[in-house]
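*Asks:* The sequence and its predicted three-dimensional model are supplied below.
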Amino acid sequence: MPAVIPLTVAPRTRTVAVVGNPNTGKSTLFNALTGFRQRVGNYPGVTVERHAGFLRDSTTSVPIEIVDLPGTYSLSVHAEDEAIVLDALLGRSDRDSDLIVSVVDAANLSRNLFLTTQILELGTPVIVALNMMDLADRAGIRVDCEALSRELGVPVIPIVANKGTGIAELRQAIVAGLDSDCTHHCPSFPECVCAELDGLCSSLKSAPGDGFIPSRVEAMQTLLAPGGFHESRLVKRCGRGLAEELAERRHRITTAGESVVEVEAQVRYAWIQRVVDRVVIHERPETRPRTEIADRILTHPIVGLTVFVAVMAVIFQSVYALGGPLRDFVDGGFTAIGQQVASWIPAGAIRSLIVDGVIAGVGAVLTFLPQILILFFFIAILEDCGYMARAAFLLDRWMGTIGLNGKSFIPLLSSFACAVPGIMATRTIEDRRDRFVTILIAPLMSCSARLPVYVLLIGAFVPATAILGGLLSLQAATLLAMYGLGAIVAIPVAIILKRTVLKGPVQSFLLELPTFKWPSYHTVFFRVFEQGKAFTVSAGTMIFAVAIVIWALGYYPHPASIAAQHDALRQAAIASAVACDELSQRLAAIDHNEASEYLNTSLLGRMGRWIEPAVKPLGWDWRIGTAAIASFPAREVVVATMGTIYGLGSDKQAASQGLREKMKSATWPDGKPVFNAAVAFSLMVFFALCCQCGATLATIKRETRSWRWPVFTFVYMTSLAYVGALITYQVAIRFI
Amino acid sequence: MEMINPDSLLPVNLSPLEPLQSLDAGTQAMVIEVKADAASAKRLADMGFVRGSVVEMLRPGKPCLVRVGNSYVGLGVGHQKRVVVQRSSSM
Ligand SMILES: Nc1nc2c(ncn2[C@@H]2O[C@H](COP(=O)(O)OP(=O)(O)O)[C@@H](O)[C@H]2O)c(=O)[nH]1
Ligand SMILES: [Mg+2]
């Protein structure tokens, strides 16, 4: 009997890699091909090595997976992000790619074709996506795509990724190209190089090992980049003998009159030059591109720096001025919801859980969403238009004084939105020690999760007086100062790290400044949406969970004796037959007392009093201390926790007040208010410096591949935070 | 990228070799060689600094801003010192 053949054979997924120089529009193209839906984003806590999605509107039944890779100039690896590209192309990290889409900037053809010529040699079918045709057009550069396709031997599809032009054609070409043979043309190398390369390939094939056979491209990068990534990787596999063999082969190349390090670039660029001469027509005499004119101002050491400071000031002022009214609106919404829900559910544990625990907790955090989105919006614009590289250029000199170079500035600036993508962005830093120093100080940058704490405390305890002739409010200035604090503290930390555990010389700066582009609405909107979603999801789960735990600890055991005792007091008050006003006042006082009694006798209250001696020197009462400790897994929890604690500790009248009012009316047992400006500042300083973020620590672990560094980060930041808050309080209490 | 065959230049056009560092704003020159350690030399070569490519100094300084072909690259002193160029009066 014949075997039963399954009716549907699951079609094998085909993989298409999108490769190209940085800023050539790979991610824009990826989004256009996959329809935005599939992007695995820079979510805190999620591994993001791989941005993959499925080709939309594909004409075949075979699922075609598109993978977006980091930008690189060459297959010779200098930094971590380039290693990712290479491994994906060679099928080392996951599946082999069935097709490569090489994204090429038409306005900068020669430099972009360099990588393409390397990719052509991989033996995988290639399609060239000639992007930025609009910019090339405007610059008067006309590229004859058919001629280019003939020269390279692969399909060339002109596209404008951000407008969707040519995407349909590219999609068809991808489907058609998957099973095509590769028929590329590529530069030929001098005889001596070819001979050594052939020799190396055959000795690598016969080398002992685990069946890992490096491709010819890898062999070339090994041979021609002494001491590079490929050499150390292969030597690790094949043993010291290989190192000697390489030295001999390189020596023979040198003796033949070629430069080992330069020959590849020379041969490829010369070949490209001949191709470009045949396919590119300059229609107009070249004029100064607009980018160059903009850079006369923006990279100027004084004018440019002034612009930079102004840009930063505008961002912070907008976060405050635009975000404030929106926040009050959301805040009012949650208070209304709380009251409404409270009127539906009978008093008791359930109502307390929902109103004080969930609505007060989650609401307290979500009220800050508008401001966080505004911040993400500005950072996304700066990244997308190309300004980030200018900022890195401008600040290189200043970064040099702390032992880093300007390249570290980009991850640090991104860390102001969130340290997780910031730490991942350090992959572009070539020097390992510089990269680690940048990773270790990135969490000191004030991320958006700290914003709720600042905004809450500044709103409640700093007056809104205008300063600098109305240019800035005192509140916005305080916010700016809190944002600056982490960055300022990072300076000595970096200096110390560079002199001790991660000792090394200052590395010279080398960075391409991409041409300025109008930020794409899609990209910016999508980034803001993605990060806003990540924040909301974390508010909805992590914060939700912590809020419930804190509520439970603060509610139970809820002894009936307290209720009995206070009911007796109420009865007595009513029986004493005083005037109506006075009666309601007395009853309110009794209610308030009852609520605080419950909280004091709760598990949370007992734990809190146990830690109070440690936090008292910082000016905190046990409630603040508890909230701070509860927020170690994720700092945005603190506002929720305070919302819950103060919600529990307040009577029914106070339930209608926002958290801000509740904090203002909180008192020590002797009746003195808990909060004053000194306490507010000490709390803000603590949050500015403390590493209260599990996702950041997990990312540091992943990126440094060691437990040592996350532990180190946690310890040093927590100590800094405690000492900083202590000094702040002790100084402030004497002067404010 | 603009490229010149350095061997085809007439001797009269030749000026002395100098590091990229010493170019003034607005001057163009041709890359003759990159005298760096293997890793930096390879990196620079990949980005377009190869023998024969034309560079223009846009903003001298630390770091400096140069145009190489159609791209703009910022280089710190460490890299500037190592790129050897030659101004040419014919450019
Ligand atoms: N004018 C123009 N801009 C584009 C085009 N494709 C992408 N961009 C813009 O180029 C910038 C960099 O794009 P991105 O996709 O982030 O590049 P990646 O670094 O290669 O992933 C963004 O501002 C895009 O909006 C295009 O065809 N024309
Ligand atoms: Mg990208």
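*Replies:* Perfect, I can see it now. Ligands and ions are numbered 1, 2, ... in the order given.

*Asks:* From the contact counts, what lies against the host helix or strand of residue A:598?
*Replies:* Using DSSP states H and E, residue A:598 sits within helix A:580-601. With contacts taken as 3 or more CB pairs under 8 Å, 6 or more residues apart in numbering or on different chains; DSSP states H and E, helix A:580-601 sits against helix A:560-575, helix A:637-648. For the C-beta atoms, the positions are set from N, CA and C on the backbone; glycine is no exception.

*Asks:* Next, the distance between the ends of stretch A:362-374.
*Replies:* The first and final residues of stretch A:362-374 sit 20 Å from each other (CA to CA, to the nearest Å).

*Asks:* Check which residues of that stretch are buried.
*Replies:* Within stretch A:362-374, the residues scored as buried using 16 or more other CB atoms under 10 Å in any protein chain shown are A:362-374.

*Asks:* And for stretch A:118-133?
*Replies:* A:118-122, A:124-133.

*Asks:* ok, so of the residues you listed, who is nearest residue A:471?
*Replies:* residue A:132 (39.1 Å; CB to CB).

*Asks:* Give me the neighbour count for the residue in chain B positioned nearest to chain A.
*Replies:* Residue nearest to chain A within chain B (CB to the nearest CB): residue B:78, separated by 2.5 Å. Using other CB atoms under 10 Å in any protein chain shown, residue B:78 has 18 other residues around it.

*Asks:* And for the one 5 residues further on?
*Replies:* Burial measure for residue B:83: 26 neighbouring residues, criterion other CB under 10 Å.

*Asks:* quick one: it from residue B:53, how far?
*Replies:* Counting by CB to CB, to the nearest Å, the gap between residue B:83 and residue B:53 amounts to 10 Å.

*Asks:* try residue A:326
*Replies:* From residue A:326 to residue B:53 the distance is 52 Å (CB to CB).

*Asks:* And for residue B:3?
*Replies:* If you go by CB to CB, the gap between residue B:3 and residue B:53 works out to 6 Å.

*Asks:* Looking at those two now, which is surrounded by more residues?
*Replies:* Under the criterion of other CB under 10 Å, the comparison of residue B:3 against residue B:53 puts residue B:53 first, with 26 against 23.

*Asks:* Excluding sequence neighbours, find me the nearest residue to that one.
*Replies:* Ranked by CB to CB, 6 or more residues apart in numbering or on different chains and with sequence neighbours excluded, the top spatial neighbour of residue B:53 is residue B:31, at 5.0 Å.

*Asks:* what about the one you found, which SS state?
*Replies:* strand (DSSP: H, G, I helix; E, B strand; the rest coil).

*Asks:* which ones are touching it?
*Replies:* B:49, B:50, B:51, B:52, B:53, B:54, B:55, B:83, B:84, B:85 (CB atoms under 8 Å, 6 or more residues apart in numbering or on different chains).

*Asks:* for residue A:603, same thing?
*Replies:* A:553, A:554, A:556, A:557.

*Asks:* In ChimeraX, how would I select just the buried ones from those?
*Replies:* The buried residues among the contacts of residue A:603 can be selected in ChimeraX (16+ other CB under 10 Å) with this line:
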select /A:553,554
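
*Asks:* returning to what we had before: pick out whichever of the buried residues of stretch A:118-133 sits closest to residue A:197.
*Replies:* residue A:121 (10.9 Å).
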